[in-house]
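Show me the folded form of this:
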Amino acid sequence: MSADTKEPAEFAIGDRVHTNAQAPREYRRRDGTITEIGPGASEFRVEFEDGHKQPVPSARCLISLR
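Numbers count the residues shown, from 1 in each chain. Predicted coordinates:
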């Protein structure tokens with residue numbers, strides 16, 4: 001795991017994130033904000049800058065923008 005990819009427990013609601021190349025194709029390399037966590041510990045819902053909300057299946061798809 002790269003230094004800029006966080007473990008699931010380190011992401012919180014409100015964190016700014018970027019989806020990387022491991023994310024599903026329709027929302028790769030986009031910036032957004034985590035709005036929900038779960039039901040699994042590594043599942044997130046991200047609201048992207050264009051207002052589109054999308055579930056992200058794994059923390060491995062996210063990079064923190066902090």
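
tell me what the helix or strand hosting I34 is packed against?
Take DSSP states H and E as the rule and I34 turns out to sit in strand 31-37. Counting contacts by 3 or more C-beta pairs under 8 Å, 6 or more residues apart in numbering; DSSP states H and E, strand 31-37 packs against strand 16-19, strand 44-48. The C-beta positions use only the backbone N, C-alpha and C, and glycine is treated the same way.

Turn the ones you listed into JSON lines, columns for mean neighbour count, distance to E36 and mean pLDDT.
Shown next, in JSON lines, are the helices and strands packed on strand 31-37 (neighbours: other C-beta atoms under 10 Å; distance: least, C-beta to C-beta, whole Å; pLDDT from 0 to 100):
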{"stretch": "strand 16-19", "mean neighbour count": "19", "distance to E36": "13", "mean pLDDT": "96"}
{"stretch": "strand 44-48", "mean neighbour count": "19", "distance to E36": "4", "mean pLDDT": "95"}
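
Could you save these as JSON lines and add columns showing distance to P57?
Putting the helices and strands packed on strand 31-37 into JSON lines (distance: least, C-beta to C-beta, whole Å) gives the following:
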{"stretch": "strand 16-19", "distance to P57": "11"}
{"stretch": "strand 44-48", "distance to P57": "8"}
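
Let me know which of these is the nearest to I63.
Checking these against I63 by C-beta to C-beta gives strand 16-19 as the closest, at 4.7 Å.

what's F11 in contact with, if anything?
Going by C-beta atoms under 8 Å, 6 or more residues apart in numbering, F11 touches V17, I34, I37, F44, A59, L62, S64.

can we see that at 6 Å?
By C-beta atoms under 6 Å, 6 or more residues apart in numbering, F11 lies in contact with I34.

lowest confidence element among the helices and strands of this structure?
strand 53-56 (a mean of 90; mean pLDDT, DSSP states H and E).

So which bits of that one are buried?
Neighbour counts using 16 or more other C-beta atoms under 10 Å place Q54, V56 of strand 53-56 among the buried residues.
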